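> Build me a model:
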Amino acid sequence: GFVVGHAGLYQALAMFAVAYFIIGMTVLSVCAIATNGALDAGGAYYMISRALGPEFGGSIGIMFFLANVCGSALYVLGLVEAVVDSFGIPPGQEAGTGIHVLPQSYWYELLYGTVLLALCLLVCLVGASIYAKATFLIFLIVAVVLGTILVSFFATRPLRVPIRLPNPLPNGTETNNGSFTGFSLSTLRDNLGGKYDVDYTTGQMMSFSSVFAVMFNGCTGIMAGSNMSGDLKRPSYSIPRGTISAVLFTYLVYNLLAFLMCATCDRVLLQKDYGFLRDISIFPPLVTVGIYAATLSAAMSNLIGASRILYALARDDLFGQALALAKKTSASGNPVMAVILSWLVVQVVLFSGKLNTIASVVTTFFLLVYATVNLACLALEWASAPNFRPTFRYFTWHTCLLGIAGCCVMMFLISPVSASASLGFLLLLLLALHYLSPSSTWGYISQALIFHQVRKYLLMLDVRKDHVKFWRPQMLLMVQNPRGSARLIDFVNDLKKSGLYVLGHVELQDLDMLPSDPLQPQQESWLSLVDKLNVKAFVSLTLAPSVRHGVRQLLFTSGLGGMRPNTLVLGFYDDEAPQDGLARHPAFTSAREEVPLSFPPLRAPTAPKLLSAREYVGIVADALKMLRNVLLARQLESLDKAWELRRAASPPPTIHVWPVNLLRPDSARYADTCSLFLLQMACVLNMARAWRRACLRLFLCVEAGTMPHAQEEKLRQLLKDLRIQAHIQLVPWDAITRLHWQTCQGSPGGPAEEEEEEEGVVNFPSNTTQVSDEYVCAANKLVLEQSPAPTVRFLYLPRPPADTSLYPLYLHQLELLTRGLGPTVLVHGVSAVTSTQL
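Now for the predicted structure:
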């Protein structure tokens with residue numbers, strides 16, 4: 001009567017259609033999730049948490065708990081309103097007469113509500129079985145009452161109904177009578193359109209949204225069955241059938257009642273006497289009993305639903321000790337403490353006093369929960385996981401999307417303030433649970449969705465469309481033991497520039513001789529290491545008979561589609577004893593956590609190495625054959641990045657860049673592919689957040705009589721074209737090159753001819769035969785003398801010689817060149833990586 005009286009028949013039917021459309025879409029999602037596996041206590045909370053993860057589940061669980069708590073209070077207040085309407089002392093009278101004996105005031109109505117809520121509490125404390133019996137009895141009573149009301153519309157003769165108004169109308173007159181006209185076309189016409197007026201119980205002006213908010217609470221019982229999922233024998237069977245039949249039945253009853261009321265009752269009766277059905281009934285007391293039974297049933301349903309949600313939240317330990325008390329159950333398994341805690345919260349909400357005051361808040365909470373149930377089903381459907389196979393198939397992602405859209409739109413139509421506050425509260429809960437709740441083993445739908453999207457985008461990432469403008473380093477760092485490589489792992493993380501980063505490791509074993517894969521148990525330790533060091537890297541482990549074969553495997557197989565490593569990073573091969581940098585790393589020292597014990601201890605200084613010098617250089621040669629860039633990192637474990645980059649002393653930290661091949665002074669060029677790649681890598685490091693304070697210092701080696709200023713200007717223009725900011729420093733090296741030419745003149749072949757590299761052809765010059773150890777030591781001294789001492793140096797890495805017998809000599813000269821230089825990166829690039837175009 002409240003809905004039809006203010007909104008009229010057309011708008012009332014539209015309200016029912018909208019409400020049941022939203023509910024219908026949500027019911028389809030509930031049925032789909034409920035039939036996709038075993039359900040436990042918690043209903044919608046259990047469905048959402050197991051589908052969307054603990055953050056969403058816990059936040060929505062709290063929201064749904066509050067929705068049920070407020071809903072229970074709402075129905076208790078509705079029952080109080082009905083009791084006072086029937087037995088309350090009329091306004092303006094000192095004492096009651098006849099059955100009108102109950103005093104009316106805020107505190108008295110709060111007392112009545114407390115008594116009625118205590119009755120609900122007693123039923124819920126006994127357990128689910130008595131609740132089920134009580135609700136079935138109430139269902140029978142309501143069905144009988146409904147039958148008598150339908151008969152009354154036809155059997156009762158027209159009559160005038162006296163109306164007691166607590167306040168006079170605004171125009172100063174008081175209407176004392178409403179009319180039941182029987183079936184009348186005139187009455188029907190008068191009631192077709194909306195005519196919103198003041199609600200006589202609250203004194204507030206009604207509108208479409210406020211009426212819809214009150215009406216929608218009569219439709220929120222769709223979760224009553226799913227809330228009892230832990231108490232049902234066959235929830236996957238009962239929830240879909242019970243919920244769908246209940247929705248269809250109530251929709252038909254609401255529409256039928258709306259039509260009969262509009263055709264038989266005038267507007268005054270509908271708007272000013274919400275209990276008019278008693279006056280027109282053939283047996284008035286039965287209507288009173290029906291109203292009491294219906295509201296009592298709804299109050300109990302919400303109270304027991306709230307307790308089951310609270311119990312499920314407590315059992316999942318999402319809020320730690322805060323809900324520990326709610327875990328306690330009786331001998332029969334009834335969560336009595338959760339029921340008592342829920343009752344206490346409902347009692348607090350009863351202080352709001354009026355039914356329509358909290359209606360919009362309750363409706364907003366329920367709509368938010370329904371939207372999230374639809375979201376959970378939508379996520380499961382979009383993730384296309386093979387294990388999402390609900391036996392209920394009458395849904396698609398379209399119905400889920402429509403349900404979400406309908407819920408969100410109606411939330412803001414009903415109460416923009418409540419909707420915004422609810423979303424803000426939900427966001428706070430999400431953030432709190434994300435950072436504070438323990439990890440769960442439920443499975444995260446986010447992972448399934450990410451996999452689905454990543455696979456789709458990887459297929460779209462076409463390597464044939466690669467362009468140098470969008471090149472980025474994609475690193476494969478080979479790690480023998482993370483204990484000795486923590487700072488190198490961190491350094492390469494700064495070098496990757498949002499590119500792919502893979503930590504590779506080769507285990508020297510033969511799978512034929514082993515009972516199972518030895519790499520699987522190690523995977524967890526490596527992933528934990530990545531988390532602790534806070535690097536954005538993948539882990540790729542392999543078994544091989546030798547390190548060289550293992551690196552080949554990883555270079556061939558690491559990555560997927562257009563995301564494959566284009567740069568190999570190796571630690572330097574020398575005789576220095578490895579240091580345990582992991583134990584000193586801030587990630588472990590600050591948190592006082594132990595280093596993962598599954599990593600073996602570092603190699604003793606006297607123990608043999610896992611690979612020879614020849615094999616190490618062979619790995620470099622293999623990578624270049626496979627057109628991969630190569631970086632060799634020496635003494636990076638001595639780089640204390642935090643201290644170097646954060647010290648306030650002047651001058652700022654520097655990065656020294658030597659883009660000339662110091663082992664080939666006869667072919668010193670600054671614009672070949674390798675030099676440009678070296679410049680790019682130094683620039684990429686300088687662009688990393690931690691290295692932005694550092695200054696690039698570029699060294700231009702010049703000889704007398706070669707117009708050094710012209711060379712400097714040419715290099716400066718190159719840097720300008722490449723948008724690289726660096727300070728250029730001229731370095732005379734006549735004394736160094738003189739040593740080289742003296743060596744060459746003493747050799748049988750004389751000065752070596754310039755060797756050109758053709759595009760796409762891998763050429764290995766025998767450059768190690770062309771320089772002496774004396775020259776290399778002099779070049780090392782030249783680099784070392786440049787002050788101030790840098791944080792890190794980038795040097796040109798020459799190609800290994802074609803003659804494999806010269807590999808040890810090649811490595812020996814690299815060791816001489818970088819000896820005592822501190823953190824140094826030797827770089828050789830084989831691909832064009834710089835662009836001067838837009």
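
> Give me the pLDDT for the residue nearest to the spatial centre of the chain.
Geometric centre of the chain, nearest residue: Ser446, 6.3 Å, by Cα atoms, centre = their mean. Ser446 is assigned 75 on the pLDDT scale.

> Quickly find the element holding it.
Ser446 belongs to helix 445-460 when assigned by DSSP states H and E.

> Local confidence estimate at the nearest residue to Trp733 once chain neighbours are set aside?
Nearest non-adjacent residue to Trp733, counting by Cβ to Cβ, 6 or more residues apart in numbering: Cys701, 4.7 Å away. C-beta coordinates here come from the backbone N, C-alpha and C atoms, glycine included. Model confidence at Cys701, expressed as pLDDT, equals 84.

> What residues of the helix holding Ser446 count as buried?
445, 448-449 (16 or more other Cβ atoms under 10 Å).

> got the CA positions of that helix in CSV?
Taking C-alpha atoms only, helix 445-460 is exported to CSV below (Å, rounded to 0.1, in the frame of the first residue of the first chain):
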residue,chain,number,x,y,z
ILE,A,445,40.6,-15.3,-9.6
SER,A,446,42.9,-12.3,-10.4
GLN,A,447,45.6,-14.8,-11.3
ALA,A,448,43.2,-16.6,-13.8
LEU,A,449,42.1,-13.3,-15.3
ILE,A,450,45.7,-12.1,-15.6
PHE,A,451,46.7,-15.3,-17.3
HIS,A,452,43.8,-15.0,-19.7
GLN,A,453,44.7,-11.4,-20.6
VAL,A,454,48.5,-12.0,-20.8
ARG,A,455,48.0,-14.9,-23.1
LYS,A,456,45.8,-12.8,-25.4
TYR,A,457,48.3,-9.9,-25.5
LEU,A,458,51.3,-12.1,-26.0
LEU,A,459,49.6,-13.5,-29.1
MET,A,460,49.2,-9.9,-30.2
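
> and the helix or strand just after it, what other elements does it pack with?
Scanning forward in sequence from helix 445-460 by DSSP H and E, the next helix or strand is strand 475-478. Using 3 or more Cβ pairs under 8 Å, 6 or more residues apart in numbering; DSSP states H and E, the elements in contact with strand 475-478 are helix 486-495, strand 501-508, helix 547-557, strand 567-571.

> Nearest to Arg614, out of the ones you listed?
helix 547-557 (9.5 Å; Cβ to Cβ).

> now what about the closest one, what contacts it?
476, 478, 502, 504, 506-508, 540, 542-544, 565, 568, 610-611, 615, 618-619, 622-623, 626, 628 (Cβ atoms under 8 Å, 6 or more residues apart in numbering).

> check which helix or strand covers the closest residue to His727 other than its chain neighbours.
Excluding its sequence neighbours, the residue lying closest to His727 (Cβ to Cβ, 6+ apart) is Arg697, at 5.1 Å. Assessed by DSSP H and E, Arg697 sits inside strand 695-702.

> Mind listing the strands that strand pairs with, and their directions?
Note on strand 695-702: by DSSP bridges, its sheet partners are strand 654-658 (parallel), strand 727-732 (parallel).

> just to revisit the earlier point, okay but the residue nearest to Trp733 is in contact with Val731, surely?
Yes. Taking Cβ atoms under 8 Å as the definition, Cys701 is a contact partner of Val731 at 5.1 Å.

> Looking at these two, which is more packed in?
More crowded of Cys701 and Val731, by other Cβ atoms under 10 Å: Cys701, with 23 against 16.

> Could you report the neighbour count for Arg664?
20.

> now the strands paired with strand 695-702 as CSV including distance to Val83 and mean pLDDT?
Shown next, in CSV, are those (distance: least, Cβ to Cβ, whole Å; pLDDT from 0 to 100):
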stretch, distance to Val83, mean pLDDT
strand 654-658, 82, 91
strand 727-732, 87, 85
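
> how about the strands in this structure?
Remark: strands assigned in the chain by DSSP state E are 159-162, 177-180, 475-478, 501-508, 538-544, 567-571, 629-634, 654-658, 695-702, 727-732, 792-796, 824-828.

> For the fifth one, output the C-alpha coordinates as PDB.
What follows is strand 538-544, C-alpha atoms only, in PDB (Å, rounded to 0.1, in the frame of the first residue of the first chain):
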ATOM      1  CA  PHE A 538      61.000 -14.400 -13.600                       C
ATOM      2  CA  VAL A 539      62.900 -17.500 -12.600                       C
ATOM      3  CA  SER A 540      64.100 -20.100 -15.100                       C
ATOM      4  CA  LEU A 541      65.900 -23.200 -13.900                       C
ATOM      5  CA  THR A 542      67.300 -26.000 -16.100                       C
ATOM      6  CA  LEU A 543      69.200 -29.200 -15.900                       C
ATOM      7  CA  ALA A 544      72.300 -29.700 -18.100                       C
END
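
> partner strands of it, parallel or antiparallel?
By DSSP bridges, strand 538-544 pairs with strand 501-508 (parallel).

> got the angle between the strand it pairs with and helix 486-495?
With axes from the mean of the first three to the mean of the last three Cα atoms, to 10 degrees applied, the angle from strand 501-508 to helix 486-495 works out at 140 degrees.

> Now for Glu413: which residues touch it?
No, residue 413 isn't Glu; it's Leu. 208-209, 212.

> next one: stretch 415-425 to chain centre, how far?
How far stretch 415-425 lies from its chain's middle: 21 Å, per Cα atoms, centre = their mean, to the nearest Å.

> List the buried residues in that stretch.
Going by neighbour count (16+ other Cβ under 10 Å), the buried part of stretch 415-425 is 415, 418-419, 422, 425.

> before we move on, the earlier item: can I get the strands of the chain in CSV including distance to Gln204?
Output for the strands of the chain, formatted as CSV (distance: least, Cβ to Cβ, whole Å):
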stretch, distance to Gln204
strand 159-162, 24
strand 177-180, 21
strand 475-478, 66
strand 501-508, 61
strand 538-544, 60
strand 567-571, 69
strand 629-634, 72
strand 654-658, 70
strand 695-702, 69
strand 727-732, 73
strand 792-796, 71
strand 824-828, 73
